[in-house]
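J.: below are the sequence and a predicted model for it; my questions follow.
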2 protein chains.
Amino acid sequence: MRYVLEREIPARSSGRPPELRALRLERTNEQPRIANLLSPGQQSLLQDIATLITFRHGEDIFLEGSEAHSVYTVASGMVRISRTAESGRRQVMAFALPGDLFGVPEQGRYFSSTRAVGEVSLYRIPWLELSALLQREPALQASFLVRIAFDLRQAQKRILVLGQQNVSQRLATFLLELMEHEDFYDADRRQLRLPLSRFDLGDYLGTSAETVVRVLARMEKDGLLRRLSSRLLLIADAGGLSELLRGRRRND
Amino acid sequence: MRYVLEREIPARSSGRPPELRALRLERTNEQPRIANLLSPGQQSLLQDIATLITFRHGEDIFLEGSEAHSVYTVASGMVRISRTAESGRRQVMAFALPGDLFGVPEQGRYFSSTRAVGEVSLYRIPWLELSALLQREPALQASFLVRIAFDLRQAQKRILVLGQQNVSQRLATFLLELMEHEDFYDADRRQLRLPLSRFDLGDYLGTSAETVVRVLARMEKDGLLRRLSSRLLLIADAGGLSELLRGRRRND
DNA sequence: CGTGTATTTGATGCATATCAAATATTGTGG
DNA sequence: CCACAATATTTGATATGCATCAAATACACG
C-alpha cells in the first residue's frame, strides 16, 4: 500500500507555510452493525435484556436533555438524530439506519433528540443492565468500542463535509451515501427514494430547505438527476455527482 | 412544521467530563498523566507499555493513510488533528490537549494527520499491546469507551457549530472554549493566547485565513476584544461573545 | 539587516440566507 | 369520493456574508 506526498498547492497559498500532506485514500463505507459484530451467544445476551418497540412517522423517541434510561438499536426504518443550537435552529446530526446504535447517555441524560422517520422498530436496551453486562463481557464491550469509534469517524467525515463543501457538494455527498443503501436505492431503475422532507434535508446539510430545492433544480438542469417526484429521484449521472466533490467551494 | 425545543442551556460548563477537569487543573512538577480519566492502577498498566516522546513545533506525528502502530495521548502541548478533503483543502478536525487521546486506527491505518503545535510531549502506546491489555482489563476498556464516547460528542458539537453558525459565531465559540484552558487564558489579565496561525484557525473554523482576520477586526471594532498582537488577544467583553451565539446566521 | 513568512487590508462577485408568495401534495371530515 | 384545510414544495426577489485574487505591511529568524 502506498500514499503520495505532495507539496502544498503553491497557487492559492501566498502567505501560507509550505507543508507536506498525505493524499486522501479512497473511503470505505462498511457499516459495522452491532448485530454483525456479535457472536450468536453475545446476541442472545443482548436479546435477553432488550425490548422490541415500534414508532410511527414523526413520533419522538426521546428529547435532548431528558433522563436517559435506555440505549437503542434500529431494527428497521430510519431515525433522525438532531440537536438544537442556541439560536433555536435545528441541526440533524445523523440518520440512524438498521443496525445503528443511538441514545448513549451523557451524564445520565440524552445528548440529542430522536424522531422516527417513517415506521420504525427499535430494540430498547436498559442502560444499567447493559453497562453491567459489558463489564462481565469484555468481548461484547470491545464490540461497542468499535461501534462508537466508527460513529466518531462518521462524525468526523461530517465535519469535513460541513467545513469544506458548498451546498451542492454536501447534497451530492449525501445522495451518494444514500445510494449505498438498498433500502433507498434501486440500482436497476437508478431510483433513489428520499425518506426526508426538504426541511430535514436542509437541517442535515446545514442549509435551508429553499436552498436544497434550488440545488436539486440546478442538478436537474445539469443532467445529474431528475425529480420524478419530490421524494423520488432518478440518478442520471452518478459520476457527475462524484465529480462535484472535487471542485472548489466557490463556483462550480 | 419545525418546532423549537425550549430548554435552558446551563452556564458554561467546560465541555469536559468532570473526572477529566478535576485532574486537569492540578499543574505540578509531577509526571504528566497518560490519560487523566484513569485510576492510578490503570495508569501504571498503561505506563508499562507507553513511551514518552517529544516533537518540536511543526513536526508531523503521523500522516493520514499511513500504517498505524500506536495510539497517543498528549502529555503536554497541543496537537493539530486534520484531514484533507478531495478538493485538496485541509480541515482541522480538532486540537488535542493534555490528556486527550488520538491516533486510534481505522482498519490498521490512521484516519487523519497530526502535527505538533509548539513543543509537544506525547505518550506513544503500541496498538497491539494496548488492545491485548484492554481485553484483559474490562475496567480499562470501559474507560476508553467513555473517552471515545466523549470524543464523539465533541465531534457532534462541531457539527452543530459548522452546520448552524456563521464565521463570527464559530470564532466566538472557539475563543470561549479556549478561554476555559488556563494554559491559554490568563483570567486576571483577560489575555488569551492563540497558539495557532490564522490559517490553522481558518482551517479549523471551515473558512479562510483572511476571513478570520476580518472577523477579528470586526470584533475589535465592536469592543469585544483587542488584538495586543496577532497571537495575543485581550478579551474585553466575554458576555458579548456569548451573545453572538444567540444571533441568526445572517446579519447581526 | 535582509529574506522568507505571517498578517492585514482592499476589491469584487458569487453562493446562499431570508422573506414572500405561489403551487402542489397530503390528509381529513362529510 | 369530493371539498377543503393543512402541509410541503417550489419559485421569486433581495441583501449580504464570505471566498477568492491581489497586494501591502508587519514580523521573525538566521
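T.: Received, thanks.
J.: can you count the residues close to the nearest residue to A:F111 once chain neighbours are set aside?
T.: Of all residues not flanking A:F111 in the chain, B:R153 sits nearest, at 5.8 Å (CB to CB, 6 or more residues apart in numbering or on different chains). The C-beta positions use only the backbone N, C-alpha and C, and glycine is treated the same way. Around B:R153 there are 17 other residues, counting by other CB atoms under 10 Å in any protein chain shown.
J.: how about the helices of chain A, start to end?
T.: A:34-37, A:40-49, A:127-136, A:138-164, A:167-178, A:198-205, A:209-221, A:238-244 (DSSP state H).
J.: pretty sure A:E220 is touching A:R227, no?
T.: Yes: using CB atoms under 8 Å, A:E220 is in contact with A:R227, at 5.9 Å.
J.: list the contacts of the closest residue to A:R226 other than its chain neighbours.
T.: Leaving aside its sequence neighbours, A:R226 sits nearest to A:L234 (CB to CB, 6+ apart; 4.4 Å). Residues in contact with A:L234 (CB atoms under 8 Å, 6 or more residues apart in numbering or on different chains) are A:R189, A:R190, A:Q191, A:L192, A:L225, A:R226, A:R227, A:L228.
J.: one more: A:L241?
T.: A:A172, A:L175, A:L176, A:M219, A:L224, A:L225, A:I235.
J.: can you check A:R248 too?
T.: Residues near A:R248 by CB under 8 Å, 6+ apart: B:S87.
J.: and the end-to-end length of stretch A:80-89?
T.: One end of stretch A:80-89 sits 15 Å from the other (CA to CA, to the nearest Å).
J.: contacts for it?
T.: Outside stretch A:80-89, the residues that touch it by CB under 8 Å, 6+ apart are A:64, A:90-96, A:102, A:111-117, A:196, A:200, A:203, B:4-5, B:7, B:9, B:156, B:160, B:164-165, B:245-249.
J.: list, out of those, those positioned next to DNA strand C.
T.: Restricting those to those near DNA strand C by CB under 7 Å from any atom of the strand leaves B:R248, B:R249.
J.: buried members of the contacts of stretch A:80-89 into PyMOL, please.
T.: Only the buried entries of those go into this PyMOL selection, using 16 or more other CB atoms under 10 Å in any protein chain shown:
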select buried, (chain A and resi 64+90+91+92+93+94+95+96+102+111+112+113+114+115+116+117+196+200+203) or (chain B and resi 156+160+164+165+245+247+249)
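J.: keep only those of the contacts of stretch A:80-89 that are in strands.
T.: Per DSSP state E, strands hold the following members of the contacts of stretch A:80-89: A:90-96, A:102, A:113-117.
J.: tell me which two of those sit farthest apart.
T.: Pairwise distances across those (CB to CB) peak at 18.4 Å, for the pair A:Q91 and A:A116.
J.: circling back to that earlier point, farthest-apart pair in the contacts of A:L241, please.
T.: Comparing all pairs in the contacts of A:L241 by CB to CB, the longest separation belongs to A:L176 and A:M219, at 12.3 Å.
J.: the more surrounded of these two?
T.: Between A:L176 and A:M219, counted using other CB under 10 Å, the more crowded position is A:M219 (24 against 18).
J.: is it true that that one touches A:I235?
T.: No: with contact defined as CB under 8 Å, A:M219 does not reach A:I235; the gap is 9.9 Å.
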